[in-house]
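*Asks:* What shape does this take:
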Amino acid sequence: MKYRNIGPRTVSAIGLGGMPMSIEGRPDEERSIATIHAALDAGVTLIDTADAYHLLAGEVGHNEELIAKALRSYGGDTSEVLVATKGGHLRPGDGSWTQNGDPAYLKEACKASAKRLGVEAIGLYQMHRPDPAVPYADSIGAIAELLDEGWIQLAGISNASVAQIDQANQILGGRLVSVQNQFSPRHQVTRPELDHCAKLGLAFLPWSPLDGIRGAAAVGERHQAFGEIAAAHGVSPQQVVLAWELSLSDTVIPIPGASRPTSITDSAAATELVLTADELDRLSAR
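*Replies:* This is a model prediction of the structure:
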């Protein structure tokens, strides 16, 4: 496993996205915990979650509690695992998503997340999505206060534009460490944000890096070059996608979602896949 930096922390170059273990079509708890344990066995030390990763209205924080349980029951050392969670995005329980960037709400949501994770200070806390009803500066101001008060160790943002990245970093006094945006072969409109993070030395965490939950299985068919290069190397197309994303910048840390041990084990192996310059050019030229 290769490693990269999120601020002063060193984590695995591939993380684990926890969302598929808590929303529609989720597996039973036993398989979910086995998936998290498989990630740890493979050397994964970054686990991404959010209080909004749940299915029903009454189970806010389902994924956070699941991850906390898996870490407690793991037989090995978990002291180097960085759990990144988020606040400001909600699921009412009807399949829809809403935002709440109110500073008071964000601070209470963070404290509730810390309690569910069983920690005094959250390793990495991220503003999940801008709320159009609340000035972005006010929402980020709450994150800055949580950092100052010791509720969080590191601060990040998600679903942010280049301008919002700069604004957040300024409000945080240069303490922004990560940006989590959607990015994949199918969704490359956030390449400017990826490049901006590379310029600033901020970790860029692509969510849905394999074209999303519904698209991951067919990523090699949808994008022919990835499938052909995967066949040439004798690996999965998913590994090629992740290896390609890692090649884009030393600050990129993909966080593929998984709900099976075999899936995250395969994804973690992408850090050891070496693609030639010609192959990378072909993948980037599509």
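
*Asks:* Which neighbours in the sheet does the one helix or strand in the chain whose mean pLDDT sits lowest have, and how are they oriented?
*Replies:* Within the chain, no helix or strand scores below strand 89-90, which has a mean of 91 by mean pLDDT, DSSP states H and E. According to DSSP bridges, strand 89-90 forms sheet pairs with strand 98-99 (antiparallel).

*Asks:* Quick one: residues in contact with the partner strand.
*Replies:* Strand 98-99 has contacts (CB atoms under 8 Å, 6 or more residues apart in numbering) with 88-92, 128-133. Placement of C-beta: from N, CA and C, glycine included.

*Asks:* what does stretch 151-160 give?
*Replies:* Residues outside stretch 151-160 that contact it (CB under 8 Å, 6+ apart) are 6-7, 9, 84, 86, 107, 110-111, 114, 121-130, 140, 143-144, 146-147, 164-165, 168, 172, 175-182, 193, 203, 205, 207.

*Asks:* Just the ones in helices from these, please.
*Replies:* Among the contacts of stretch 151-160, DSSP state H puts 107, 110-111, 114, 140, 143-144, 146-147, 164-165, 168, 193 in helices.

*Asks:* ok, which stretches of the stretch 101-250 of the chain are strands?
*Replies:* Taking DSSP state E, counting those that start in this stretch to define them, one finds strands in the stretch 101-250 of the chain at 122-127, 152-158, 176-180, 203-204.

*Asks:* Can you convert those strands into TSV and add a column each for distance to residue 261 and mean pLDDT?
*Replies:* As requested, the strands of the stretch 101-250 of the chain are exported to TSV (distance: least, CB to CB, whole Å; pLDDT from 0 to 100):
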stretch	distance to residue 261	mean pLDDT
strand 122-127	23	98
strand 152-158	26	98
strand 176-180	24	98
strand 203-204	26	98
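
*Asks:* Mind putting those strands into CSV with distance to residue 51 and mean neighbour count?
*Replies:* Compiled in CSV, the strands of the stretch 101-250 of the chain are given as follows (distance: least, CB to CB, whole Å; neighbours: other CB atoms under 10 Å):
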stretch, distance to residue 51, mean neighbour count
strand 122-127, 10, 25
strand 152-158, 13, 24
strand 176-180, 15, 26
strand 203-204, 21, 26
